[in-house]
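A.B. asks: can you look at this prediction? I've put the sequence above it.
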Amino acid sequence: MKKILYSVFCLLSATAMFTSCSDEIGENGSVSMSGTPALDVAGIYNGQWDAKVDWVTDNALTDPKNRTLVNSQVDGKVVMGTVDGNNYVSALTVIGQDGVAGIAPDGSEAVYNLLGGDETTESLKSKVNIFQTSNGVYNLVNKVGNTDPSMGLLTTGGVNGSVEDGVLTLNFTQQEKISKTARIDNVVNAAYGLCSQDETRGVFGTSTEITTYTYKFTGNK
């Protein structure tokens, strides 16, 4: 398990087609959706991340088998940009905080970099589809989960969020899964006639550790 983990996410965006509408109120009193939602919400949102890191293993010899390594609120921001020629896709950059105190799976002190980096860090960028609903809320969604090969992180369930009255909320989850050969159990070999005395022998197999990062952001432009 690494002492310092950079959480990153990089998702494939599916470009959806929408019909542009004006922002005027229709004859029946309904509000037409914006034809440029990505441009409407573009900007830098400063706020805080609720960051939680949970670890679990299936190794029978490990106790405890699960721990919460980090459960903190850290300062951060989200940069929402535009994509040339597409009014319905926003380019995201997430920025968190380095040097967050936590614990390692064995319970010792550890330091984590949660979404560390800056706007120029390519691996911290993503794209989401964005559209406005009739209640005026801008919705951000990308349901595609994708692995970042450089970090072995899998973003599960995609990215979800919204912008309402200038307040951005965003959430996503990532996992790091490590499988390795390990001593997973101990047995006593005491078969009659085969051993002069009881012997404890190790049983080796594949042990899996899963670290789950859960992020929720709230910020203002």
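C.D. replies: Yep, it's here.

A.B. asks: per-residue confidence for residue 130?
C.D. replies: Confidence at residue 130, expressed as pLDDT, is 92.

A.B. asks: same check on residue 217?
C.D. replies: Reported pLDDT at residue 217 in the predicted model: 96.

A.B. asks: so it sits against residue 80, correct?
C.D. replies: No - if you go by CB atoms under 8 Å, residue 217 and residue 80 don't touch, sitting 11.5 Å apart. C-beta coordinates here come from the backbone N, C-alpha and C atoms, glycine included.

A.B. asks: got any residues that touch both of those two?
C.D. replies: Both residue 217 and residue 80 are contacted by 45, 168, under the criterion CB atoms under 8 Å, 6 or more residues apart in numbering.

A.B. asks: residue 39 - that's part of a helix, no?
C.D. replies: Yes - counting by DSSP: H, G, I helix; E, B strand; the rest coil, residue 39 is part of a helix.

A.B. asks: the closest residue to it other than its chain neighbours and residue 37, how far apart?
C.D. replies: Leaving aside its sequence neighbours, residue 39 sits nearest to residue 82 (CB to CB, 6 or more residues apart in numbering; 5.8 Å). Noted for residue 82: a distance of 10 Å to residue 37, by CB to CB, to the nearest Å.

A.B. asks: repeat for residue 115
C.D. replies: 24 Å.

A.B. asks: ok, residue 68 next?
C.D. replies: From residue 68 to residue 37 the distance is 37 Å (CB to CB).

A.B. asks: between these two, who's got more neighbours?
C.D. replies: residue 37 (23 against 11; other CB atoms under 10 Å).

A.B. asks: quick one: residues contacting the more buried one.
C.D. replies: Shown in contact with residue 37 (CB under 8 Å, 6+ apart): 87, 88, 130, 131, 132, 138.

A.B. asks: tell me which element the closest residue to residue 79 other than its chain neighbours is part of?
C.D. replies: Nearest non-adjacent residue to residue 79, counting by CB to CB, 6+ apart: residue 93, 4.2 Å away. Taking DSSP states H and E as the criterion, residue 93 maps to strand 86-95.

A.B. asks: go on, residue 76?
C.D. replies: Assigned by DSSP H and E, residue 76 falls in strand 66-83.

A.B. asks: counting contacts, what elements does that strand pack onto?
C.D. replies: Packing partners of strand 66-83 (3 or more CB pairs under 8 Å, 6 or more residues apart in numbering; DSSP states H and E): helix 37-41, strand 43-57, strand 86-95, strand 97-103, strand 109-114, strand 167-189, strand 199-220.
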